[in-house]
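Enquirer: Make a model of this:
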Amino acid sequence: MKNILFLLFSTLTLGAFAQVDITFQVDMNGVTGFTTPEVNGTFNNWCGSCAPMSDANGDGVWDLTISLAPGSYEYKFSYDNWTGQENLTPGSSCTATNGGFTNRTI
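Expert: As a prediction, this is how the structure comes out:
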């Protein structure tokens, strides 16, 4: 998977509780053999197919916006319920390696 990611932050305030809308995007141009990319992370217990992404305009860039409580999260892009996933290099910028798994961080 191409590791292109844009995080768009906007704040949504609901009474005393603040949520942050995070838009995850991944460029799947040049990737074959998948049906649906998804974003998995500590925010959804690495669920697999719980956060499927969409490509409404057909440009090969898939996205999904999720409202999260402010904080730090680990995540990774995968596809088709963990049939495949992106490979990240341990120690690279904006990653964390825990238990032998390297994930993105926000």
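
Enquirer: what's the longest strand in the chain?
Expert: Assignment by DSSP state E gives strand 17-27 as the longest strand of the chain.

Enquirer: Now do the strands in the chain.
Expert: Under DSSP E, the chain gives strands at 8-14, 17-27, 37-41, 61-68, 74-79, 84-85, 95-98, 101-105.

Enquirer: quick one, which of these is packed in tightest?
Expert: strand 37-41 (a mean of 24; mean count of other C-beta atoms under 10 Å). Heads up, the C-betas are built off the backbone N, CA and C, glycines and all.

Enquirer: packing partners for that strand?
Expert: Packing contacts for strand 37-41, counted by 3 or more C-beta pairs under 8 Å, 6 or more residues apart in numbering; DSSP states H and E, involve strand 17-27, strand 61-68, strand 74-79.

Enquirer: which stretch among those strands comes nearest Gly48?
Expert: strand 74-79 (7.4 Å; C-beta to C-beta).

Enquirer: contact partners of that closest one?
Expert: Residues from elsewhere that reach strand 74-79 (C-beta atoms under 8 Å, 6 or more residues apart in numbering): 1, 5, 24, 26, 28, 34-43, 48, 84-86, 88, 96, 98, 101, 103-106.

Enquirer: before we move on, back to that, Throw the helices and strands packed on strand 37-41 into TSV and include mean pLDDT and distance to Met53, thanks.
Expert: Shown next, in TSV, are these (pLDDT from 0 to 100; distance: least, C-beta to C-beta, whole Å):
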stretch	mean pLDDT	distance to Met53
strand 17-27	92	7
strand 61-68	97	4
strand 74-79	97	8
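
Enquirer: Ser92 is nearest to which of these?
Expert: strand 74-79 (13.0 Å).

Enquirer: strands paired with that closest one, and their directions?
Expert: Sheet pairing here is set by DSSP bridges, and for strand 74-79 it gives strand 37-41 (antiparallel), strand 84-85 (antiparallel), strand 101-105 (antiparallel).
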